[in-house]
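[1] just to be clear, the model below is a prediction. Sequence and coordinates:
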Amino acid sequence: HADAAQIPTGLIFNQLDHDNSNFESTLEQTKNLFGNKVTVIQYPVDAGPGFSSIIDVLKMKMYKYGKDGGKPEISEIPASEADKASELHNQLVEMAAENEESLMELYFEQGSLSEEDMRKGIRLGILDRSLYPVLCVGAKKNIGVGRLIEFIANNAPSPCEKPRIKVASGK
């Protein structure tokens, strides 16, 4: 339905606190279905029972939640996750830069983009359906929900920005 109506799409991986939660497998299945448009914004550090930490590769921070969720403790990414986070961050920068020529030029000049420039590229990518952001939550314990809402508020395009589509009658 989203494809037919050309609706901007984001992917939220929920229930990462379940016994059989497997982020990497779910991500692989999603990429097989949607292709290279699937772009990781966040990934869980400890999916499964005890899930409490998310790495955000847009902000390059780790969000660690208490056992009952709530407000996270935001910290630097641990050394054990630095390589993976850096690789995913670079992929995100490239995907964001591809959505506007000025961003691509800036990327080639500087080798990276600021968070503000990345947000612009992400918004444009979501709008033209060339980027499907992946975010993580454990909604039952309110893990990652606040960051999801913040991401939507700061990065999702306004419905007014979406081009009009023709209905069956041609209008």
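    Yes, it's here.

[2] contacts, neighbours, all on C-alpha from now
    Fine.

[3] so for stretch 134-147, mean pLDDT?
    Averaging pLDDT along stretch 134-147 gives 91.

[4] again, but for stretch 87-107
    Rounded mean pLDDT across stretch 87-107 is 92.

[5] then stretch 65-72?
    The pLDDT scores in stretch 65-72 average 82.

[6] need the residues that contact that stretch.
    50, 52-53, 63-64, 73, 141-143 (CA atoms under 8 Å, 6 or more residues apart in numbering).

[7] ok, now which ones touch A97?
    Taking CA under 8 Å, 6+ apart, we find A97 in contact with 103-104, 107, 113, 118, 121.

[8] can you pick the most crowded of the residues you listed?
    G121 (27 neighbours; other CA atoms under 10 Å).

[9] show the backbone phi and psi for that residue.
    Backbone torsions of G121, given as degrees, to the nearest 10, read phi -60, psi -40.

[10] list the buried ones in stretch 101-116?
    103-104, 107, 112-113 (16 or more other CA atoms under 10 Å).

[11] equivalent analysis for stretch 35-42, please.
    37-42.

[12] for the residue lying closest to Q15 once chain neighbours are set aside, which residues are in contact?
    By the measure of CA to CA, 6 or more residues apart in numbering, the closest residue to Q15 outside its immediate chain neighbours is G138, 5.0 Å from it. Residues in contact with G138 (CA under 8 Å, 6+ apart) are 14-17, 51, 144-145.

[13] can you rerun that using 6 Å?
    14-16 (CA atoms under 6 Å, 6 or more residues apart in numbering).

[14] again, but for M118
    Applying CA under 6 Å, 6+ apart, the residues contacting M118 are A96.

[15] which SSE is it in?
    Assigned by DSSP states H and E, M118 belongs to helix 115-127.

[16] what does the very next helix or strand once past that helix contact?
    Per DSSP H and E, helix 115-127 leads on to strand 132-136 as the next helix or strand towards the C-terminus. Residues outside strand 132-136 that contact it (CA under 6 Å, 6+ apart): 9-13, 37-42.

[17] any idea which element M62 lies in?
    strand 61-66.

[18] sorry, back to before: ok, of the contacts of A97, which one's closest to K162?
    G121 (15.3 Å; CA to CA).

[19] could I get the pLDDT score of the closest residue in space to S75 that isn't next to it in sequence?
    Closest residue to S75 apart from its sequence neighbours, by CA to CA, 6+ apart: M62 at 5.3 Å. You'll see M62 listed with a pLDDT of 96.

[20] just to check, M62 is in contact with E73?
    No: M62 lies out of contact with E73 (CA atoms under 6 Å); the separation is 8.1 Å.
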